[in-house]
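> coords please:
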Amino acid sequence: MKKISIIVLVLLTQACAFKDAQLKIAHTEDAKLDGPISELSTLSFSSPLLEDNREDKVRIGWKKNGYGMNTADITTEQPVENIVSEAIVEGLKANGHTVAAENSDISITGSVERFWFETDVNFWTVEFLGEVTAHLSFVNKSTNQVIYDSKYTGSHSVKKGGGGEKTWRTVMSTAVNKLIEDMVFDEELAEALDSQ
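All right, here's what the predicted structure looks like:
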């Protein structure tokens, strides 16, 4: 009976490796978002307009079998540019600024350059790695001039004995958090915004 249980478990695991996974990824509230831009007078931003500029726009990672072969897609429920855009909005609001559809001071345009999940299988553990990169331009809407332009990156990794979709979702959501932290703690961005 024990051998049968093991065989069934192995078959189920292998079957899961061939089924696509769609993850719900989003900024989470445990991010440290209170950065230098919180010290500025309140600014009004337009909702970010981002493009998906990744080479692989279909997936954010691969499921792999025991031999390291790609067997199924890992995707997101929302387009990656929407995930990053919504996180930027939350980051700005957490620092005392507003995001409005009309009559805003500053618009944000840019692109998502990387949004990728990876696993590194070791002898006893598996390292789960997530990385998110976005290129953002901050534009003064009254002059239509770019006041600041930068690339922001967030990454997160964790080593465990194993993990499924919950672990993958947590790793990628934390990477999104880290990207927003990178933005709100950018002192040069704060200086550029303060000069407006």
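> going forward, measure contacts between C-alpha atoms and count neighbours the same way
Fine.
> how many other residues sit next to Gly110?
Counted with other C-alpha atoms under 10 Å, the neighbours of Gly110 add up to 21.
> tell me the SS of it?
Assigned state for Gly110: strand (three-state reduction, DSSP: H, G, I helix; E, B strand; the rest coil).
> Which phi and psi values does Ile25 adopt?
phi -110, psi 140 (degrees, to the nearest 10).
> pretty sure it contacts Ser173?
Yes: between Ile25 and Ser173 there is a contact under C-alpha atoms under 8 Å: 5.3 Å.
> more neighbours, the two?
Ser173 (26 against 23).
> Who are the contact partners of the more buried one?
Ser173 is in contact with 25-28, counting by C-alpha atoms under 8 Å, 6 or more residues apart in numbering.
> Buried among the residues you listed? Need that as a selection in PyMOL.
In PyMOL, this line selects whichever of the contacts of Ser173 come out buried by 16 or more other C-alpha atoms under 10 Å:
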select buried, resi 25+26+27
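> Could you dump the contacts of Ser173 into CSV with secondary structure, distance to Lys93 and pLDDT added?
Converted to CSV, the contacts of Ser173 look like this (DSSP: H, G, I helix; E, B strand; the rest coil; distance: C-alpha to C-alpha, whole Å; pLDDT from 0 to 100):
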residue, secondary structure, distance to Lys93, pLDDT
Ile25, coil, 19, 88
Ala26, coil, 16, 83
His27, coil, 13, 74
Thr28, coil, 14, 75
